[in-house]
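Participant: I'll drop the sequence and a predicted model, then ask my questions.
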Amino acid sequence: MPNLRDGFRRFLFTPQSTIWLSVLRVGIGLQVLFYTVSLRSDWIELLAEGNRGLIRRDLMEALLSVESPLIPRVGWMVEAGGWLHLSETNVLWLLWGGLLLASLFLILGLFCRTVSIVAWILFLCTVKSAEPFGYGVDNFTIIGLFYLVIAPLPDSWSIDARWRRTSLKSSSLQGLHRRVLQLHICIIYFFSGFAKCAGPGWWNGTSLWRALTRPPFDIIPPDILIRLGFVLPVLGIVVCVMEATYPVCIWPRKTRLIWFVGVLALHAGIGLMMGMYLFAWVMIVLNMAAFGPGFAFEATRFSFIESPTENRAETSST
Amino acid sequence: MLKSGKLPAFRLAFFTVQFVCILLVCLNDIFSIFSTSATFFPDTLNPVWDRGAEVTLIPLGQTLPETNPVRETVSAYLNLAGIEAGYSYFAPNIPDNYKIVFELYYPDGRTEIELPRVNSRSAGLRFATLLDKVTETEYAPLRTMMVKMLAFSVWQDHSSANKIRAVLGSVDLPSPAEFRLGRKESYRVLFAYDFDFSAAQPSHP
């Protein structure tokens, strides 16, 4: 039992540098920035309660209340704005500006903890009030923001650490939080891959064909795709196998690089071939943060990016 | 490494709860889609998947009454952590694709065909998701209400039209073999709704 306990402790608390946290913070900050900028021209239509919206926000929020009245929503902000005599439009644009500002602060690493909480709440409000318009990318962004909120911030590359001299947290704690993200990513791929494996279409190329020809993901003309028809079954099987075996193959030294690069290529492909740029970006960020630079026992490979500040924290905490 | 006996118990307990929630949501998701989708598994297993989906809802409090505080708190936590949904995207098969078309009728007898418009590709992706959700809404009055809202948003730009017919359908995409034979996508009507906005002002429907 003591061995098991020690093994468990070593697995969870392997000292880590803060580089993973820098990747997560900057990557998710950029994700929120892209999200905010990309929806600027449709912002009011997505979130307005009145006649300017596609789907009335109050109906969506009523449905949200059935799920739980505790889930944050834009309606709370509009109501609070009402006390200050702010119109709904003004509140919605303030929300847009707040998200933009929070994302910029996140990227810079200024007031990391406060800004990550603000970004998380504002993003939650927006996404949950426009739930029918939401898809996987929103959930992954929330996951990234959530882990950022509870993470041992700041990281050594943030302005907080470099200029404001906020002290870094213990490297073992960094290890625990990174391990949690790694395990979550493994669960995501396992269930995603396993569910695909159960569908006959993923083994004969039909599902990949349908995914790539289905509007609005039909970026590549079908005439070109049909010429690559023989590749589709192989790619479909590769996607299934790579995702389902990710939790096993991402850890051993021999297979790690293949799976890591393969999954990044998969998401880059989804972004370029299906136009799901935000989805591709957030998945690449989560993978990079979990299994990218400085992963586990390979610190030497990326030692050139560790800063003196970081090394100081490592020494003091171990 | 942390010194012996100094494990951060609160964090470990919190992460344990987090992973239990993630696993339960994922299992529920996968059991639900296996029971409703075509898979390699025999149909005789469907009751097993259904039962599995039911069982995984119990620890999450989702079988309690909707206003139960435990259920509401767990639901809120799942949403706050972004783990309220599983990860079976595009699985086990690619879902149908939906399309909505609006036919606008004017008092002078003219008819126009209009498609919903958004201003960016990003919003276009989200609109496609909306159509999936509208079409898959089983509660008919809610689906009607959502389609009416979309129709009303179109009517805002064509307020001289006195009637709008919204036709919601699925797009059947050709398989690679059918595409080689020259077959194009076809449109199958699922629902059609007539809305009369002649008495309406440009306000809520």
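Facilitator: Nice, I can see it.

Participant: So the worst-scoring helix or strand of chain B on mean pLDDT, near chain A or not?
Facilitator: Least confident helix or strand of chain B, by mean pLDDT, DSSP states H and E, is helix B:176-180 with a mean of 86. Yes. Residues of helix B:176-180 contacting chain A under CB under 8 Å from any CB of the partner chain: B:176, B:179-180. In short, each C-beta sits where N, CA and C put it, glycine included.

Participant: Just the buried residues of the residues you listed.
Facilitator: For the residues of helix B:176-180 next to chain A, a burial check counting by 16 or more other CB atoms under 10 Å in any protein chain shown picks out B:176, B:179.

Participant: With distance to A:Leu266 added, can I get the residues of helix B:176-180 next to chain A in JSON lines?
Facilitator: Output for the residues of helix B:176-180 next to chain A, formatted as JSON lines (distance: CB to CB, whole Å):
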{"residue": "B:Pro176", "distance to A:Leu266": "21"}
{"residue": "B:Phe179", "distance to A:Leu266": "24"}
{"residue": "B:Arg180", "distance to A:Leu266": "27"}
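
Participant: Skipping adjacent residues, who's closest to the residue nearest the centre of chain B in space?
Facilitator: By CA atoms, centre = their mean, the mean C-alpha position of chain B lies nearest to B:Lys133, the distance being 2.8 Å. Among residues not flanking B:Lys133 along the chain, A:Pro132 sits closest, at 4.9 Å (CB to CB, 6 or more residues apart in numbering or on different chains).

Participant: Chain B: strands as residue ranges?
Facilitator: B:97-105, B:111-114, B:163-172, B:186-196 (DSSP state E).

Participant: tell me which strands and helices the longest one is in contact with?
Facilitator: Looking back up the chat, that one is strand B:186-196. helix B:140-155, strand B:163-172 (3 or more CB pairs under 8 Å, 6 or more residues apart in numbering or on different chains; DSSP states H and E).

Participant: Out of the ones you listed, which gets nearest to chain A?
Facilitator: Nearest of the helices and strands packed on strand B:186-196 to chain A, taken as CB to the nearest CB: helix B:140-155 at 5.1 Å.

Participant: What are the buried residues along that closest one?
Facilitator: Neighbour-count burial for helix B:140-155 [16+ other CB under 10 Å]: B:143-155.

Participant: Now distance to A:Arg113 and pLDDT too, for those residues, in JSON lines please.
Facilitator: Below are those laid out as JSON lines (distance: CB to CB, whole Å; pLDDT from 0 to 100):
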{"residue": "B:Arg143", "distance to A:Arg113": "43", "pLDDT": "91"}
{"residue": "B:Thr144", "distance to A:Arg113": "46", "pLDDT": "92"}
{"residue": "B:Met145", "distance to A:Arg113": "41", "pLDDT": "89"}
{"residue": "B:Met146", "distance to A:Arg113": "39", "pLDDT": "89"}
{"residue": "B:Val147", "distance to A:Arg113": "44", "pLDDT": "91"}
{"residue": "B:Lys148", "distance to A:Arg113": "44", "pLDDT": "90"}
{"residue": "B:Met149", "distance to A:Arg113": "39", "pLDDT": "88"}
{"residue": "B:Leu150", "distance to A:Arg113": "41", "pLDDT": "89"}
{"residue": "B:Ala151", "distance to A:Arg113": "46", "pLDDT": "90"}
{"residue": "B:Phe152", "distance to A:Arg113": "43", "pLDDT": "88"}
{"residue": "B:Ser153", "distance to A:Arg113": "40", "pLDDT": "85"}
{"residue": "B:Val154", "distance to A:Arg113": "45", "pLDDT": "87"}
{"residue": "B:Trp155", "distance to A:Arg113": "47", "pLDDT": "87"}
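
Participant: Go back to those residues and keep what's next to chain A.
Facilitator: Near chain A, by the rule CB under 8 Å from any CB, you find B:145-146, B:149-150, B:152-153 out of these.

Participant: Would you mind finding the longest helix in chain B?
Facilitator: Criterion DSSP state H: the longest helix present in chain B is helix B:9-36.

Participant: Check which residues of that one are buried.
Facilitator: Counting neighbours by 16+ other CB under 10 Å, helix B:9-36 gives B:11, B:15, B:18, B:21-22, B:24-35 as buried.
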